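Visitor: Have a look; sequence and predicted model below, questions after that.
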Protein chains: 4
Amino acid sequence: MVRIQFAIDLHYELNYPGADFVFNIHAAKTASQSIVAENLQISQQVPSTIQTDPVTHARYLRLTAAPGPLHVTYQATVDIDHHIGNPDAINETPVAQLPLSALTYIYPSRYCQSDRLAMLAMSEFGNLPKGYRRVEAIQNWVRRQVTFRGATSSSTTSALDTLTDRVGVCRDFAHLMIAICRALSIPARFTTGIDYGADPALGPTDFHAYVEVYLDKRWYLFDPSGTAIPMGFVRLGTGRDAADVSFATIFGGVVSPPPLISVSALTEAGRPWETPRHRPEALSTDATVDKA
Amino acid sequence: MVRIQFAIDLHYELNYPGADFVFNIHAAKTASQSIVAENLQISQQVPSTIQTDPVTHARYLRLTAAPGPLHVTYQATVDIDHHIGNPDAINETPVAQLPLSALTYIYPSRYCQSDRLAMLAMSEFGNLPKGYRRVEAIQNWVRRQVTFRGATSSSTTSALDTLTDRVGVCRDFAHLMIAICRALSIPARFTTGIDYGADPALGPTDFHAYVEVYLDKRWYLFDPSGTAIPMGFVRLGTGRDAADVSFATIFGGVVSPPPLISVSALTEAGRPWETPRHRPEALSTDATVDKA
Amino acid sequence: MVRIQFAIDLHYELNYPGADFVFNIHAAKTASQSIVAENLQISQQVPSTIQTDPVTHARYLRLTAAPGPLHVTYQATVDIDHHIGNPDAINETPVAQLPLSALTYIYPSRYCQSDRLAMLAMSEFGNLPKGYRRVEAIQNWVRRQVTFRGATSSSTTSALDTLTDRVGVCRDFAHLMIAICRALSIPARFTTGIDYGADPALGPTDFHAYVEVYLDKRWYLFDPSGTAIPMGFVRLGTGRDAADVSFATIFGGVVSPPPLISVSALTEAGRPWETPRHRPEALSTDATVDKA
Amino acid sequence: MVRIQFAIDLHYELNYPGADFVFNIHAAKTASQSIVAENLQISQQVPSTIQTDPVTHARYLRLTAAPGPLHVTYQATVDIDHHIGNPDAINETPVAQLPLSALTYIYPSRYCQSDRLAMLAMSEFGNLPKGYRRVEAIQNWVRRQVTFRGATSSSTTSALDTLTDRVGVCRDFAHLMIAICRALSIPARFTTGIDYGADPALGPTDFHAYVEVYLDKRWYLFDPSGTAIPMGFVRLGTGRDAADVSFATIFGGVVSPPPLISVSALTEAGRPWETPRHRPEALSTDATVDKA
């Protein structure tokens, strides 16, 4: 088990007549991730609501703010209880046995056009034994092909762009890995959190995009950009790709500096809290299964 | 109310070692669409299951078939009770009031890259009064810009391709209309049915793709290709775009002729069953609302 | 006749081990454009050569510079003798009569994928009478559809991107207009100069991209972005699109500020030099004809 | 030296009011390729002209034909005198020493968007020693990555599409190889001929697309699809990519069956004519150099 503490600090300056916001900055409440404490502060006295997606458990903070400054701060302490698997013993789930809810994640999406990658996926990975190790091979291939470099992609950059341009940031690595998994009929989804453990040379602590892949009835964590430590990832949102899980979707004109984020792991004598570290085992925090 | 009878006839020849199928050929069971009778026949004696998406109510027939011929036939009689609205009185729903379940449909998807169309949408439709009439203007614009012509697009053709190439089939018209609606933050989704009332000159009766747009707490029907009669549409599947609602997703090698489809409306003296016709009013069969 | 004086000032800081440059900053010497005076200064004592393209008359300055600062300055006084045509009397040249050298300019190129725009071009402009006025209609359509905004496009932005995104700078307007002309089998090419007469609100004097279209055995000037005064354009380079006529193609690592450019028209009592102004007539400075 | 005999047979049925044609089916006359005999027959009694591109030496047959059938036949006997080079001794030409006419072929073009492939080219080939062997490595990489399969690409398919889809025909292999060479500042161009020596299993004798790369003041032949025998290639046209060198550019409505083509090599006792065979050496038929 790990206990993670984090804080997110968002500043906006809103033009007239104000703006609507959908934030996805709350830690998801799941069977494996429980909220020990959390605190939300909104500088404007405006009504707000928190809605939870019944399928992904992502929580969305919605509010309409007036012109002028808006300051949103969220802090949380979260316990994550990882399922630890043996990579060599984790199989792919045959398509016929995929639950309906996982099937969604083998279809192409805005940034993960898996329908174009069938030949590439089959020629690079079609002959590998099926299972966790094959997915790991996809992750490692993406990491080798693509160079991490800030400010090289935009909100329209897709997996096909990244396959061509060979450069990007964490979301681009995630999109390409997801697209290749789907091209092999392996469900894969886009998950957001915070880049716990990232090298400060890459910039200040930031939101992070990583990948969850459905294998043997569980969603396993992968970090294709390799820039952070998966064991320290708090799950915020989960979706098909970045189109679904922006940390802030804004309707209206605003100006804002980059978010200020901090994250740390807690440890205490006599407590079972581990310090997140790179582990050779397979990690999962979600065992979503259809009741069907 | 309309009573529609239809039949779908699918033939496949499967290569070794067989194939997995996910069919979406059942009529959805919704508050407005009730199944009077239905009948499914599968030529191979294999286990099959029908799963229902809890959100869209689409029903998926799943089965694994052996090499050789497979013949799937589905027939249904369906009653559809349309909500009839006054186009001039139907408003757009402000983003702040969109239910979480509708919010999904303002994000870009594989074939509807609305993130690229903000300038076009604002310049063409930004000055029109908000409401059903504005959405109708989008539909009519798409119908004017794009020429209907069979076999001009493929499974990778997206709204951006159609905007460039100006030619396509019903699914291409739907994708482009959806993308423009989303660029204006109007939820729009892709729905499949049968092209009731289509001109036989365009080919035999076929599956059809049309659009549902969320306005005033309801999803209203639009048929951007203008090739069929919306009042006669039986809803099969609903999703973000064609990636979500293929009538048959096949994992394995098969050969197959085009589907054989028939559809007709029933009328009987003393019964309230109308013959579907082009109507000037707004039609809806779905009032999905979040409980949140 | 107009007499134009201009100066271009380029600064570079070269990394080890230096860089190769191909500049296209000299005014082209053509039958209609003669060089009254010119002066080139290169801060490094390195060999350089000026090569002239035998077909387009563009002049290329080539040199290899050492690490450290490089400063290139070019000043010229140029006389331009415009052919002035009556827009209503200028016809399109039938394809069968196009010289081989013009034929090149009806084929698609990197940034002008005219092969994709046949339907759009025919539906928007196919019914207009052929001739200068039709090309003018294309220019005006592009100007209406696209919004001029700095820093909205990049070196990979093509006519198809601009058709989608509806925003760009002068080169993007030029690419889209060229692509549509070619889709109608009207030869069109990309020409570079300086944005004489541009509104200072758009930024300091800069290089400019405009269009030349082949009609009635002449290449006529068009300025689809509408940001400058065609009568004041000095021709530097001409090619299929921006891929051919960069003002500086650099092989090696450099850092550089934006170019410093000035341009003015000379007038003098007793001289036939006009002040460039927006004119309703058709202007041309090139009557290229094959000898074949 | 090889002596090649070939015949091209083209049939068209023209709609009213007829069509303009630009054919590129004549063998080019170059220093290395001489025409021993040739014969052209056109079924309609219409004026026609043959124009020669002064730079590439490609010959273009132009004619305007009336509605109804048109039959064009061309037969030629051609001697090709190859320059045979030692692959290990052929260097790349530094950019600074490239002639202006070769510089054109390092810029991106419609189907060879080399501006997007800098990272890929550098990471895959940037560390190889410069020279013929590096270009050969590019050719072999393309051949490994892409699967040859008929009818998988269209007239809009570009190098970026092929890099994504990993399937195509000879022109697609050529475009991808060219784009990668240009991304490394190695001039590369698209050349058309006939697929001498192709496996009949791939279909009847056809036009062929291959690549010429500028190294050490010569253009060397490469056949990235690996489907034919370069020593048997008669050069028809040369350009930046397929946009420049269609065997028939048609303006007007026509219907036509595939071309009928035959090709064979002649040998005779006492003559120096070799039978074309796969050779380990480097082959070139063009030593184009600027006079500048």
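Guide: Good, I have the coordinates.

Visitor: buried ones in stretch A:79-89?
Guide: Buried residues in stretch A:79-89, defined by neighbour count with 16 or more other Cβ atoms under 10 Å in any protein chain shown: A:Asp79, A:Ile80, A:His82, A:His83, A:Gly85. Where C-beta positions appear, they are placed from N, C-alpha and C, glycine not excepted.

Visitor: Stretch A:42-53 too?
Guide: The neighbour-count check on stretch A:42-53 (16+ other Cβ under 10 Å) flags A:Ile42, A:Gln44, A:Gln51, A:Asp53 as buried.

Visitor: CA atoms only for it, dumped as CSV, please.
Guide: Taking Å, rounded to 0.1, in the frame of the first residue of the first chain, the C-alpha atoms of stretch A:42-53 are listed here in CSV:
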residue,chain,number,x,y,z
ILE,A,42,-12.9,27.9,-4.8
SER,A,43,-12.1,31.6,-4.6
GLN,A,44,-15.4,32.7,-6.1
GLN,A,45,-18.6,32.3,-4.2
VAL,A,46,-20.4,30.4,-7.0
PRO,A,47,-22.5,27.2,-6.9
SER,A,48,-20.5,24.1,-7.8
THR,A,49,-21.4,20.4,-8.1
ILE,A,50,-19.3,17.3,-8.2
GLN,A,51,-20.6,14.5,-10.5
THR,A,52,-19.2,11.0,-10.6
ASP,A,53,-19.1,8.9,-13.8
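
Visitor: now it: how far from the chain's centre is it?
Guide: From the chain centre to the centre of stretch A:42-53 is a distance of 23 Å (Cα atoms, centre = their mean, to the nearest Å).

Visitor: related to what we said a few turns ago, quick one: which of the buried residues of stretch A:79-89 is nearest to chain D?
Guide: A:Gly85 (32.2 Å; Cβ to the nearest Cβ).

Visitor: roughly how far apart are that closest one and B:Phe148?
Guide: Look at A:Gly85 and B:Phe148: by Cβ to Cβ, to the nearest Å, they are 52 Å apart.

Visitor: Could you check how far stretch A:76-96 is from the centre of its chain?
Guide: Stretch A:76-96 sits 15 Å away from the centroid of its parent chain (Cα atoms, centre = their mean).

Visitor: tell me the mean pLDDT for that stretch?
Guide: Stretch A:76-96 shows a mean pLDDT of 97.

Visitor: circling back to that earlier point, closest one of the buried residues of stretch A:42-53 to A:Pro200?
Guide: Using Cβ to Cβ, A:Ile42 comes nearest to A:Pro200 of those, at 29.7 Å.

Visitor: Please give the element, helix or strand, for the closest residue in space to the closest one that isn't next to it in sequence.
Guide: Distances taken as Cβ to Cβ, 6 or more residues apart in numbering or on different chains place A:Val72 nearest to A:Ile42, at 5.5 Å, with adjacent residues excluded. Secondary structure assignment for A:Val72, by DSSP states H and E: strand A:68-80.

Visitor: Now the stretch 1-150 of chain A against chain C: closest residue?
Guide: The minimum distance from the stretch 1-150 of chain A to chain C, using Cβ to the nearest Cβ, falls at A:Arg110 (14.4 Å).

Visitor: The strand holding A:Val72 pairs with which strands?
Guide: If you go by DSSP bridges, strand A:68-80 pairs up with strand A:2-14 (antiparallel), strand A:33-42 (antiparallel).

Visitor: hmm, the helix or strand hosting A:Ser123 in reach of chain B?
Guide: Using DSSP H and E, A:Ser123 falls within helix A:118-125. No - Helix A:118-125 stays clear of chain B (Cβ under 8 Å from any Cβ of the partner chain), getting no nearer than 10.9 Å.

Visitor: quick one: pLDDT of A:Met122?
Guide: If you check A:Met122, the pLDDT there is 97.

Visitor: Report how many residues lie close to it.
Guide: Neighbours of A:Met122 under the rule other Cβ atoms under 10 Å in any protein chain shown: 14.

Visitor: For the residue nearest to A:Ala242 when sequence neighbours are not counted, give me its contacts.
Guide: Excluding the flanking residues, the one nearest A:Ala242 by Cβ to Cβ, 6+ apart is A:Arg171, at 5.2 Å. Shown in contact with A:Arg171 (Cβ atoms under 8 Å, 6 or more residues apart in numbering or on different chains): A:Tyr111, A:Ser153, A:Phe190, A:Ala209, A:Ala242.

Visitor: before we move on, the earlier item: who are the packing partners of the following helix or strand past the strand holding A:Val72?
Guide: Toward the C-terminal end, the helix or strand that comes next after strand A:68-80 (DSSP H and E) is strand A:83-85. Helices and strands touching strand A:83-85, by 3 or more Cβ pairs under 8 Å, 6 or more residues apart in numbering or on different chains; DSSP states H and E, are strand A:218-222, strand A:282-286.

Visitor: For the residue nearest to A:Thr227 when sequence neighbours are not counted, list the residues it contacts.
Guide: Leaving aside its sequence neighbours, A:Thr227 sits nearest to A:Ala198 (Cβ to Cβ, 6+ apart; 5.1 Å). Contacts for A:Ala198 were tallied using Cβ under 8 Å, 6+ apart; they are A:Thr205, A:Asp206, A:His208, A:Thr227, A:Ala228.

Visitor: how near is A:Ala198 to A:Val169?
Guide: The gap separating A:Ala198 from A:Val169 is 11 Å, by Cβ to Cβ.

Visitor: Nearest to C:Pro257 among the buried residues of stretch A:79-89?
Guide: Nearest to C:Pro257 among the buried residues of stretch A:79-89: A:Ile80, at 49.3 Å, using Cβ to Cβ.

Visitor: The closest one reaches A:Val234, doesn't it?
Guide: Yes - the pair A:Ile80 / A:Val234 is scored as a contact, 6.9 Å apart, by Cβ atoms under 8 Å.

Visitor: shared neighbours, the two?
Guide: A:Ile4, A:Gln33.

Visitor: on that earlier part again, can you list contacts of the helix or strand just after the helix holding A:Ser123?
Guide: Using DSSP H and E, the next helix or strand after helix A:118-125 towards the C-terminus is helix A:132-145. If you take Cβ under 8 Å, 6+ apart as the criterion, helix A:132-145 is touched by A:85, A:87-88, A:90-92, A:124-125, A:128, A:163, A:166, A:173, A:176-177, A:180-181, A:184, A:186, A:211, A:213, A:215, A:220, A:222-226, A:282, D:123.

Visitor: Quick one: buried ones out of the residues you listed?
Guide: Using 16+ other Cβ under 10 Å, the buried ones in the contacts of helix A:132-145 are A:85, A:90, A:92, A:124-125, A:163, A:166, A:173, A:176-177, A:180-181, A:184, A:186, A:211, A:213, A:215, A:220, A:222-225, A:282.
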